[in-house]
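[1] Below is the sequence, then the predicted model.
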Amino acid sequence: MEEIRKIREAWLQAYLDGNTVTLEQIESENFSIVSGQGVESNPARLKNIAARKLNGKWFGPFTSFQNSQMEYQQLGPVTTVTGFCQIIGKDRIIRSSYISEVWQKINGKWRIILAHASAKNEI
């Protein structure tokens with residue numbers, strides 16, 4: 001499980017940084033996320049992140065993730081991840097969500113294929 005924890009941490013950091021090159025390497029070609037904003041899929045999602053970062057409408061430099069209640073369930077080349085995740089800014093919590101993710105080992109590398117995030121107050 002340590003391998004997937006590390007790649008997941010790199011994926012989360014790339015998201016905060018708006019690093020679409022790294023996101024594209026970790027996310028599957030058909031990656032989708034379902035959240036309160038609707039369904040976002042690649043490649044349009046990556047273009048949106050890049051545009052928002054370019055326009056200064058992305059997370060700031062002091063933003064971080066905090067995960068808790070994390071559970072990993074591996075079934076061969078597929079792992080599900082569930083838990084609670086917060087995006088924390090310099091002086092406030094930006095977002096609190098219950099999450100579920102599906103990761104698959106493709107050509108020897110873990111790639112995320114699907115994610116779901118429900119805001120804490122939506123449940």
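    Good, I have the coordinates. Numbers count the residues shown, from 1 in each chain.

[2] from here on, contacts and neighbour counts on C-alpha atoms
    OK.

[3] so what secondary structure elements neighbour the longest strand seen in the chain?
    Looking across the chain with DSSP state E, the single longest strand is strand 93-106. Counting by 3 or more C-alpha pairs under 8 Å, 6 or more residues apart in numbering; DSSP states H and E, the packing neighbours recorded for strand 93-106 are strand 78-88, strand 109-119.

[4] Okay, buried residues for that strand please.
    96-104 (16 or more other C-alpha atoms under 10 Å).

[5] Likewise for stretch 11-24?
    Of the residues in stretch 11-24, 11-20, 23-24 count as buried by neighbour count, 16+ other C-alpha under 10 Å.

[6] what's the span of that stretch from first residue to last?
    10 Å (C-alpha to C-alpha, to the nearest Å).

[7] measure residue 40 to residue 49 for me?
    With C-alpha to C-alpha as the criterion, residue 40 and residue 49 are 11 Å apart.

[8] If you count surrounding residues, which of the two has more?
    Ranked by neighbour count (other C-alpha atoms under 10 Å), residue 40 and residue 49 place residue 49 first, with 19 against 16.

[9] helix/strand/coil for that one?
    Under the three-state scheme (DSSP: H, G, I helix; E, B strand; the rest coil), residue 49 adopts helix.

[10] That one touches residue 17, doesn't it?
    No: with contact defined as C-alpha atoms under 8 Å, residue 49 does not reach residue 17; the gap is 9.8 Å.

[11] Look at the nearest residue to residue 20 once chain neighbours are set aside and report its pLDDT.
    Spatial nearest neighbour of residue 20, excluding adjacent residues (C-alpha to C-alpha, 6 or more residues apart in numbering): residue 46 at 6.0 Å. Predicted confidence (pLDDT) for residue 46: 97.

[12] repeat for residue 60
    Note on residue 60: pLDDT of 87.

[13] which phi and psi does it have?
    With angles defined as degrees, to the nearest 10, residue 60 sits at phi -80, psi 180.
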